[in-house]
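[1] The sequence and its predicted three-dimensional model are supplied below.
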Amino acid sequence: MVSEKINKDMTLGEIVAKHPQAARVMLSYGLHCIGCHVATWETLEQGAKAHGLNDEQVQQMVDEINKTIAEKEKE
């Protein structure tokens, strides 16, 4: 089963609820807010920008999360 790919417009809470392994990637980019109450409505892009990431870094993170999800599904 292949999951839908995540994107920058999904909320942090939605991403982590569907794919807990994504949290590790987010943490590596400095998004320590994944457990925060704001994570339920803040998008990945909003959280990343609030932590100083630029558009390229946001896309890198999205790509890395999707790669991590795909690898987990192969197991």
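    Sure thing, it's come through.

[2] any weak-confidence spans in this structure?
    1-3, 33-35, 37-38 (pLDDT under 70).

[3] which other helices and strands contact the lengthiest helix in it?
    Secondary structure of the chain per DSSP state H: the longest helix is helix 55-74. Contacts defined by 3 or more C-beta pairs under 8 Å, 6 or more residues apart in numbering; DSSP states H and E place helix 55-74 against helix 22-28, helix 44-50. For every residue, glycine as well, the C-beta is placed using N, CA and C.

[4] Which stretch among those helices is buried most, on average?
    helix 44-50 (a mean of 20; mean count of other C-beta atoms under 10 Å).

[5] Touching that helix from outside, list them.
    6-12, 15, 26, 29, 31, 33, 38-39, 42, 57-58, 61-62 (C-beta atoms under 8 Å, 6 or more residues apart in numbering).

[6] about what we covered before: can you point out the buried residues in the longest helix of the chain?
    58, 61-62, 64-66, 68-69 (16 or more other C-beta atoms under 10 Å).

[7] again with stretch 11-20
    For stretch 11-20, by 16+ other C-beta under 10 Å, it's 11-16, 19.

[8] quick one: it to chain centroid distance?
    Per C-alpha atoms, centre = their mean, to the nearest Å, the displacement of stretch 11-20 from the mean C-alpha position of its chain is 7 Å.
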